[in-house]
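Asker: Kindly generate the corresponding structure for this input.
(one chain, ligands or ions: 1)
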Amino acid sequence: MQKFDNFINGQWVAGASYAPNINPSNLADVIGDYTQADAAQLDAAVNAAQAAFPAWATGNVQARADALDKIGTEILARREELGTLLAREEGKTKPEGIGEATRAGNIFKFFAGECLRLAGEVLPSVRSGVGVEITREPMGVIGLITPWNFPIAIPAWKVAPALAYGNCVVLKPADLVPGCAWALAEIISRSGIPAGVFNLVMGRGSVIGDPLVNHPGINAISFTGSQGVGGRIAQQCAVNLKKVQLEMGGKNPQIILDDADVAQAVELSVQSAFFSSGQRCTASSRLIVTDGIYAKFVEGVKARMATLKIGDALAAGIDIGPVSSRAQLEIDMGYVDIGKAEGASLVAGGERLQLATEGFYMAPALLTDTTADMRINREEVFGPVASIIRVKGYEEALFEANNTPFGLSAGIATTSLKYATHFKRHSQAGMVMVNLPTAGVDYHVPFGGRKGSSFGSREQGRYAQEFFTTVKTAYTLA
Ligand code: UN1
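Answerer: Model prediction:
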């Protein structure tokens with residue numbers, strides 16, 4: 001079995017132990033043995049990043065842009081291979097995996113350009129003869145903690161802006177999917193970026209998570225993952241006065257109004273709720289449907305669900321692969337039971353599937369007769385489980401859409417300009433979609449939410465500079 005090591009200070013180094021990376025579509029398929037760091041190795045990575053920082057922070061921006069562009073070019077050239085690896089280790093379908101690898105390549109290309117566009121401001125002082133300049137400087141060494149559901153895109157959208165704006169990084173990818181992060185590190189290792197600027201430290205969050213967040217050599221933390229872990233990281237960063245950016249869960253509403261195009265509403269709801277096995281923080285797990293379209297919509301969703309092909313992520317013609325892990329499968333199945341116990345009706349799916357290979361397969365589940373107070377409508381499941389909330393009209397739909405501790409993405413299916421416009425204005429979510437799925441976002445515009453979904457400034461696009469830089473105000477007497 002091939003062994004994969006950590007990348008620290010420009011060297012490949014073995015950690016304290018190794019763990020197998022297992023294909024969730026076929027548990028007999030082991031992708032490789034990936035090393036697991038301990039706290040001492042993490043310390044070495046942070047120290048290497050600190051040592052590399054002064055030269056990188058003040059280095060030539062053309063060299064930086066060239067390196068990021070080279071990384072993006074290689075990812076795009078190898079998108080098929082990387083997307084296949086992604087599908088094999090995470091379980092999303094191969095086309096989705098290739099799409100995600102493409103997104104990662106495009107992100108590096110975008111931030112290659114941003115290296116040359118970090119503008120400041122020049123203002124007159126209120127004192128005669130004095131000028132004021134406002135510039136942005138890198139934050140320092142950033143700890144990046146990424147989740148298992150986007151094994152290459154999320155590392156890319158944290159690493160690329162961090163490097164573009166002159167920071168050094170220590171990337172800790174999710175223990176479940178180290179393969180894509182390792183492949184990204186290997187590409188970065190040949191890009192001309194100096195030793196210590198980028199470091200990959202694979203390992204368990206329970207072993208190196210706290211040491212990373214609390215390390216005095218880490219100046220800021222960008223995290224995507226669960227609300228529970230995010231909350232704990234925020235507390236630790238508050239105590240240590242560290243800048244922190246958190247992207248956490250969602251319980252994203254998808255409103256379907258009477259005047260919606262039924263076929264379109266069905267398709268985008270099924271896509272939002274169940275594609276990628278519902279394992280997107282932007283997935284829509286609450287379908288809020290008005291009375292007049294209710295029967296047609298529910299029948300349409302059930303009919304579409306009956307056509308979904310669930311199977312090996314690498315097989316052709318598959319719509320949905322397995323769930324990513326045994327633990328996640330148990331959570332998902334558990335929420336179907338919780339919903340039923342709360343009085344919801346399971347009208348489609350929800351059962352474990354036995355296919356040709358042993359994997360974590362589950363039929364997407366649709367629950368009706370649900371109310372806003374049920375756990376199934378308040379807690380993030382992170383699986384192919386969606387519930388329908390029936391409402392009388394737009395006002396009630398809007399209330400229910402916002403009636404959640406989360407606020408990441410929110411969708412409305414309607415042909416009414418009036419309701420679409422009102423919803424864009426009054427949704428309490430960071431991202432609003434009109435006649436589009438709640439999941440599936442562009443890579444060059446801000447990404448993030450409100451309430452319990454996000455904390456700190458936005459990721460992606462030019463807005464990423466808010467987190468990855470710090471502002472300096474300089475006064476000069478001429
Ligand atoms: C998307 O919907 O295209 O972890 C991206 C997640 C999000 C990314 C969603 N941070 O699911």
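Asker: Give me the pLDDT for residue 478.
Answerer: As summarised for this prediction, residue 478 has a pLDDT of 84.
Asker: got the residues of the stretch 51-200 of the chain near the ligand?
Answerer: Applying the criterion CB under 6 Å from any ligand atom, the portion of the stretch 51-200 of the chain that neighbours the ligand consists of 147, 149, 150. C-beta: built from backbone N, CA, C; applies to glycine.
Asker: could these be laid out in JSON lines, adding distance to residue 400 and secondary structure?
Answerer: Output for those, formatted as JSON lines (distance: CB to CB, whole Å; DSSP: H, G, I helix; E, B strand; the rest coil):
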{"residue": "147", "distance to residue 400": "27", "secondary structure": "coil"}
{"residue": "149", "distance to residue 400": "26", "secondary structure": "coil"}
{"residue": "150", "distance to residue 400": "28", "secondary structure": "coil"}
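Asker: Now that we have those residues, which of them are buried?
Answerer: Applying a neighbour-count criterion of 16 or more other CB atoms under 10 Å, the buried members of those are 147, 149, 150.
Asker: Assess the claim that the first one and residue 154 are in contact.
Answerer: Yes: counting by CB atoms under 8 Å, a contact exists between residue 147 and residue 154, whose distance comes to 6.3 Å.
Asker: which residues do the two both contact?
Answerer: Counting by CB atoms under 8 Å, 6 or more residues apart in numbering, the residues touching both residue 147 and residue 154 are residue 224.
Asker: can you redo the residues of the stretch 51-200 of the chain next to the ligand as CSV with pLDDT?
Answerer: Conversion of those to CSV gives the following (pLDDT from 0 to 100):
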residue, pLDDT
147, 98
149, 98
150, 98
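Asker: Mind putting those residues into TSV with distance to residue 424?
Answerer: As requested, these are arranged in TSV below (distance: CB to CB, whole Å):
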residue	distance to residue 424
147	28
149	27
150	26
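Asker: can I get the CA coordinates of the one helix or strand residue 137 maps to in PDB?
Answerer: When secondary structure is defined by DSSP states H and E, residue 137 falls within strand 130-138. As requested, the backbone C-alpha atoms of strand 130-138 are provided in PDB (Å, rounded to 0.1, in the frame of the first residue of the first chain):
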ATOM      1  CA  VAL A 130       0.200  65.400   5.700                       C
ATOM      2  CA  GLY A 131      -0.900  62.500   3.500                       C
ATOM      3  CA  VAL A 132      -2.600  59.300   4.600                       C
ATOM      4  CA  GLU A 133      -2.200  55.900   2.900                       C
ATOM      5  CA  ILE A 134      -4.300  52.800   3.700                       C
ATOM      6  CA  THR A 135      -2.700  49.500   2.700                       C
ATOM      7  CA  ARG A 136      -3.400  45.900   3.400                       C
ATOM      8  CA  GLU A 137      -0.700  43.500   4.700                       C
ATOM      9  CA  PRO A 138      -0.800  39.800   5.300                       C
END
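Asker: Fine by me, we can end here.
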